[in-house]
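model this:
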Amino acid sequence: MKKRIFIAIHYLEIGGAEMSLIGLLQSLDYTQYDVDLFVYSHRGELMKYIPKEVNLLPEIGAYSFIEKPIKEAIKHGYIGVSLGRLWAKFQFRNYAKKHPLKDGAPLMQYIAENVSPFLPSLKKYGEYDLAISYLTPHHIILQKVQAKKKVAWIHTDYSRIGVQIEKELPIWSGYDHIISISPDVTRNFLQVFPSLKNKIVEMENILSSDFVHSRAEEPADIPFTKNSESVINLLSVGRYTEAKNFDNVPDICKRINQKLKAKWYIIGYGNDEDLILKRIAEAGMQENVILLGKKENPYPYIKACDIYVQPSRYEGKAVTVREAQILCKPTVVAHYATAPSQVQNGMDGVIVPQDNEGCAEGIIKFIEDKKLQERIVSYLHQHDYGNTSEVDKLYSLIKNG
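Numbering: from 1, shown residues only. Presented below is the predicted three-dimensional model:
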């Protein structure tokens, strides 16, 4: 008898967590496991990369409107979900008046708490050997799915996001195991939730080298300046959000261009696009910082750039950095809290200060140090940054608990 695995995620838009799920799905042994994938809203460019062996469960309307506009949910008759979301916003506003907030992360906890009662049970699919909640909030798997064991994933740095401990702790505590994607992510999570130490299992985001290399060969309209050593093509990939720090790229790029010529391209999408464009105009960097928008396949761009840069304020463990390393690109990351668990400074990339001046100086120094770049590229060629064997840790949870 095959073991049964249930996996849930919001959608499969382009993103690091979503890409890591595709890596996991591509690594599972389907001769031993039957996998049901529940995508709340069947949307996103990565849907087509779901392996044919995976059983994609039907979209259920109430789940699909958890994050769509409330007026659309009302229009389609999902009154309970709509009322739950409206009440969640009201509760969040009251909470925000009394507590200093790092970001809007607690809002999702209120939404999950108030919307879950209006979502239909998923127990009709039977009992699973393992149920996986791949992204927060983790209420749904805990409350709606029947499974012998349940695991929840941590994809972010908990020292940098808003946390309502009294709301989150009971949810995390309900899981048998909590998957952390790096030692630094573990450390920062346990600083917030020390009582959960015995539930932690570390398992890196899974990424197939073959998958990355094959897609990097696909044709793409690359805009980079070529055949000119005087212009350096920098590239970053990620959602346009506060975490990625793209709003500071124009100022950093302006500082770089005071000493040498560089263009900085950014692939992505998100709510901060207008802010980034505003900062580009303020810095006068319209010709030097170019937003390329969403790209279904960023790998040809990573392969073609001169240096890949991850300027983030915080990360769990950036999938894009691993992708750049797989493609043997000289890589720069800002010194966010979890950076040392991703890059061995001076060996497979460099870590530069986070402040704009220090970041610019660090990038300039790296651009000018051709020998260091060559050593890093040589090191990357000698090491495989794919890690499909990580999936064995998941099998162990099923077999051994």
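
I364 - nearest residue in space that isn't next to it in sequence?
Spatial nearest neighbour of I364, chain neighbours left out: K259 (5.4 Å); criterion: CB to CB, 6 or more residues apart in numbering. C-betas here are computed from N, CA, C, even on glycine.

what is the three-state secondary structure of the one you found?
coil (DSSP: H, G, I helix; E, B strand; the rest coil).

all numbers from here: first residue = 396
Done: numbering now begins at 396, and the last item shifts to K654.

mind pulling up the pLDDT for it?
Model confidence at K654, given as pLDDT, is 96.

would you quantify the distance from it to E682?
17 Å (CB to CB, to the nearest Å).

more neighbours, the two?
Neighbour count, other CB atoms under 10 Å: between K654 and E682, K654 has more, with 12 against 9.

list of residues touching stretch 714-725?
Taking contacts as CB atoms under 8 Å, 6 or more residues apart in numbering, the residues outside stretch 714-725 that touch it are 411-412, 414-415, 600, 602, 604, 607-608, 611, 631-633, 693-694, 697-698, 700-703, 705, 726, 728, 737-738, 743-744, 761, 768, 771-772, 775-776, 780-781.

gap between S577 and T726?
According to CB to CB, S577 stands 16 Å off from T726.

those two: which is more packed in?
Comparing S577 with T726 by other CB under 10 Å, the one with more neighbours is T726, at 29 against 21.

which residues of the chain score low on pLDDT?
496-498, 622-624, 796 (pLDDT under 70).

and the strands in it, which stretches?
Remark: strands assigned in the chain by DSSP state E are 398-404, 428-434, 450-451, 525-528, 545-549, 572-575, 595-597, 626-632, 656-662, 684-688, 702-705, 726-729, 745-747.

distance from the chain centre to the shortest one, please.
So the one you mean is strand 450-451. Counting by CA atoms, centre = their mean, to the nearest Å, strand 450-451 is centred 22 Å from the centre of its parent chain.

elements contacting that strand?
strand 428-434 (3 or more CB pairs under 8 Å, 6 or more residues apart in numbering; DSSP states H and E).

angle of the strand it packs on against strand 398-404?
Taking axes from the mean of the first three to the mean of the last three CA atoms, to 10 degrees, strand 428-434 and strand 398-404 form an angle of 20 degrees between their directions.

what comes up buried for stretch 563-573?
For stretch 563-573, burial by neighbour count (16 or more other CB atoms under 10 Å) applies to 563, 566-567, 570-573.

could you dump those residues into JSON lines and include distance to I506?
JSON lines is the format used below for the buried residues of stretch 563-573 (distance: CB to CB, whole Å):
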{"residue": "E563", "distance to I506": "13"}
{"residue": "I566", "distance to I506": "13"}
{"residue": "W567", "distance to I506": "17"}
{"residue": "Y570", "distance to I506": "19"}
{"residue": "D571", "distance to I506": "25"}
{"residue": "H572", "distance to I506": "25"}
{"residue": "I573", "distance to I506": "21"}
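
of these, which is the nearest to L670?
E563 (28.1 Å; CB to CB).

chain neighbours aside, what residue packs nearest to that closest one?
Nearest residue to E563 in three dimensions, chain neighbours excluded: Q504, at 6.2 Å (CB to CB, 6+ apart).

contacting residues around that neighbour?
Listed by CB under 8 Å, 6+ apart, the contact set of Q504 reads 532, 559, 562-563.

mind redoing it with 6 Å?
Contact analysis of Q504 by CB atoms under 6 Å, 6 or more residues apart in numbering lists 532, 559, 562.

cool, and G663?
633-635.

surely Y570 and W548 touch.
No: counting by CB atoms under 6 Å, Y570 sits too far from W548 to count as a contact (9.9 Å).

now neighbour count and distance to W482 too, for the contacts of G663, in TSV please.
Conversion of the contacts of G663 to TSV gives the following (neighbours: other CB atoms under 10 Å; distance: CB to CB, whole Å):
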residue	neighbour count	distance to W482
G633	25	32
R634	19	28
Y635	21	29
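
of these, which is the nearest to D787?
Nearest to D787 out of the contacts of G663 is G633 (CB to CB; 29.0 Å).

now the closest one: how far from V607?
Distance, G633 to V607, using CB to CB: 16 Å.

wait, isn't I527 in contact with I402?
Yes: counting by CB under 6 Å, I527 does reach I402; the two are 4.5 Å apart.

between these two, who's got more neighbours?
For I527 versus I402, the count of surrounding residues by other CB under 10 Å is larger for I527: 28 against 24.

mind listing what the more buried one touches?
402, 546.

who is it paired with across the strands?
In this entry, I527 is beta-bridged to I402, V546, by DSSP bridges.

try V747
A729.

E756 is in contact with that one, correct?
No: in this structure, V747 is not within contact of E756 by CB under 6 Å, at 7.7 Å.

just want to know which of those two has more residues nearby.
Each of V747 and E756 has its neighbours counted (other CB under 10 Å); V747 has more, 23 against 17.

could you check how far the more buried one is from A755?
V747 is 9 Å from A755, by CB to CB.

need the overlap of contacts for these two.
Joint contacts of V747 and A755 (CB under 6 Å, 6+ apart) do not exist.

state which helix of the protein is the longest.
helix 474-493 (DSSP state H).

send the alpha carbons of it over as CSV?
What follows is helix 474-493, C-alpha atoms only, in CSV (Å, rounded to 0.1, in the frame of the first residue of the first chain):
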residue,chain,number,x,y,z
ILE,A,474,-21.0,35.8,2.4
GLY,A,475,-19.5,33.9,5.3
VAL,A,476,-15.9,34.2,4.0
SER,A,477,-16.6,37.9,3.2
LEU,A,478,-17.9,38.6,6.7
GLY,A,479,-15.1,36.8,8.3
ARG,A,480,-12.5,38.9,6.4
LEU,A,481,-14.3,42.1,7.2
TRP,A,482,-14.4,41.2,10.9
ALA,A,483,-10.8,40.2,10.8
LYS,A,484,-9.9,43.7,9.4
PHE,A,485,-11.9,45.3,12.2
GLN,A,486,-10.1,43.3,14.9
PHE,A,487,-6.7,43.9,13.3
ARG,A,488,-7.3,47.7,13.2
ASN,A,489,-8.2,47.7,16.9
TYR,A,490,-5.1,45.6,17.7
ALA,A,491,-2.9,47.9,15.6
LYS,A,492,-4.1,51.0,17.6
LYS,A,493,-2.7,49.5,20.8
